[in-house]
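A.B. asks: using only what follows, build the 3D model:
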Amino acid sequence: MADDDLDEDIDEEGEYDEDEEGEGGGGGGKKKLLLLIVLPLLLVIGGAAGAYFMGYLDPVLAMIVGEEQTAEGEEGDSKEGEDGVPLTVVFYDLPELLVNLNTGGRKTSYLKIRISLELEKAEDQAKMEALMPRVIDNFQVYLRELRVNDLKGSAGMYRLREEMLTRVNAAVAPARVNDVLFKEMLVQ
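C.D. replies: All right, here's what the predicted structure looks like:
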């Protein structure tokens with residue numbers, strides 16, 4: 001008997017007869033509308049989200065946000081002073097330093113280091129050049145007393161940076177050095 005009910009809903013051409021459903025006559029049209037509108041909309045939204053997370057939309061977003069905001073954020077070389085006027089950061093490269101480390105009589109260990117100093121003002125470059133022998137001397141004296149264990153790990157690097165920053169600021173006062181940057185460091 002269940003087969004007879006199914007046969008009545010299918011007309012002579014083998015197609016499903018929607019008129020037999022009675023109240024649900026518009027249900028098939030709603031399903032088609034749902035598939036034709038919602039499915040492509042979900043695909044477009046999913047594609048846009050994927051492109052955003054993969055980084056393909058970064059140039060488009062940069063154009064929308066504006067070049068002024070992104071240019072200042074990406075460079076990272078400009079800071080704002082007390083009056084809101086942007087200051088440019090100046091880097092000063094020191095000559096390569098090669099010192100033997102304090103090993104306590106065991107085999108000799110060497111430290112080869114290249115440092116760049118971040119100066120507060122561009123005018124301080126001339127002062128740095130004039131006081132360079134004093135800066136190099138302070139660094140040499142400090143570095144020769146270090147042991148290999150003093151340089152291990154990120155904590156050792158942080159202590160080294162802070163100590164060198166203190167020493168260079170004492171040597172070049174009244175000029176100011178904002179940071180000590182390690183370009184190369186080799187312990188052998």
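A.B. asks: going forward, measure contacts and count neighbours with C-alpha atoms only.
C.D. replies: OK.
A.B. asks: this protein: strands as residue ranges?
C.D. replies: Using DSSP state E, the strands of the chain run over 78-80, 86-88, 90-93, 97-100, 110-119, 177-187.
A.B. asks: redo the ones you listed as a markdown table? Include mean neighbour count, mean pLDDT and distance to R159.
C.D. replies: Putting those into a markdown table (neighbours: other CA atoms under 10 Å; pLDDT from 0 to 100; distance: least, CA to CA, whole Å) gives the following:
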| stretch | mean neighbour count | mean pLDDT | distance to R159 |
| --- | --- | --- | --- |
| strand 78-80 | 13 | 54 | 25 |
| strand 86-88 | 15 | 62 | 27 |
| strand 90-93 | 17 | 90 | 20 |
| strand 97-100 | 17 | 92 | 18 |
| strand 110-119 | 18 | 92 | 15 |
| strand 177-187 | 15 | 91 | 11 |
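A.B. asks: using CSV, lay out the ones you listed together with distance to F53.
C.D. replies: Formatted as CSV, the strands of the chain follow (distance: least, CA to CA, whole Å):
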stretch, distance to F53
strand 78-80, 28
strand 86-88, 32
strand 90-93, 35
strand 97-100, 44
strand 110-119, 35
strand 177-187, 32
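A.B. asks: show me the shaky parts of the protein.
C.D. replies: Applying pLDDT under 70 to the chain picks out residues 1-27, 66-87.
A.B. asks: show me where it has its helices.
C.D. replies: Taking DSSP state H, the helices of the chain run over residues 2-9, 27-54, 58-65, 67-75, 124-130, 132-144, 153-172.
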